[in-house]
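Student: Show me how the following folds:
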Amino acid sequence: MKLVILDRDGVINQDSANYIKNENEWIPIPGSLESIAQLTQNNFKVIIVTNQSGIGRGLYSMEILNQIHRKMHRLLADMGGRIDSIFICPHTDEDECECRKPKPGMLLEIEKVYGISLQKVYGVGDSLRDLQAFDAIKMQPILVKTGNGQQVLKQKNYPKKTKVFKNLKDATQHIIKSS
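Tutor: Numbers count the residues shown, from 1 in each chain. Okay, the predicted model is just below:
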C-alpha cells in the first residue's frame, strides 16, 4: 500500500495563530489540493494527522471541524483527489494526552487501523512537532517551508533525516518519483 501522511494547517491550508475556526477561514495553500489529487491519481492513500486544540480550548466545535473537512473533501473531489482518513487530536498541551503531536499516538492508531507499519512512510509537516512525531516511529519526515516551516528551518533542531521542500507540490513530486 502506498501511503502518505500529511499535517493539515500550514501544509494543505493557510495556518493562523488565531486557529482556523470556520470553513471560511480554511483557505488552501496554492497547489496543495492539486498535489493531493496527484497523489490520489498515483494510487497513494492520503491520511491527515492534525492537532486541533481549538476544540479543547472551546474555540470551535467538532461539528464546525466537520464542516471545514467537508469543504476540503468537496474541493478535492472536484479535482479528482481525496483524503482517505483524518485523525485528529482535540486536546491541549495541558491534557498531556498520547495523541497530540509530537507524541506519535495518532500515527500508532493509523498503524492499528490499517494493519501496517508506517516505518519509511513519508510524513509531511510544517512544524517541529510534526517531524518529531514522524521520526518517533521511523517515518521519513518531510518539512515544507509553508506555514511554520521557515521558523523550523532557522531553529535547525529537526530530525537529521528530514527532507526539506518549498511546499506540498514539490514534496509530492519527490514522493511520487521515489515510489
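Student: thinking in terms of the whole chain, how far from its middle is stretch 59-72?
Tutor: How far stretch 59-72 lies from its chain's middle: 16 Å, per CA atoms, centre = their mean, to the nearest Å.
Student: list the contacts for R100?
Tutor: N51, S53, C89, H91, T92, D93 (CB atoms under 8 Å, 6 or more residues apart in numbering). All C-beta spots, glycine's among them, are computed from the backbone N, C-alpha and C.
Student: sorry, that was for I5
Tutor: By CB under 8 Å, 6+ apart, the contact set of I5 is I47, I48, V49, L107, I110, L118, V121, Y122, G123, V124, F134, M139.
Student: Name the residues of the helix or strand harbouring it that are buried.
Tutor: Per DSSP states H and E: I5 is located in strand 2-6. Under the neighbour-count criterion of 16 or more other CB atoms under 10 Å, strand 2-6 has L3, V4, I5, L6 buried.
Student: Kindly report the same for stretch 54-74.
Tutor: Buried residues in stretch 54-74 (16+ other CB under 10 Å): G54, I55, G56, Y60, I64, L65, Q67, I68, H69, K71, M72.
Student: what is the mean pLDDT for it?
Tutor: Throughout stretch 54-74, pLDDT has a mean value of 98.
Student: Give the pairing partners of the longest strand along the chain; include direction for each.
Tutor: Longest strand in the chain, counting residues (DSSP state E): strand 44-51. Looking at strand 44-51 with DSSP bridges, its partner strands are strand 2-6 (parallel), strand 85-89 (parallel).
Student: Mind listing what's buried along that strand?
Tutor: Residues of strand 44-51 classed as buried by neighbour count (16+ other CB under 10 Å): F44, K45, V46, I47, I48, V49, T50, N51.
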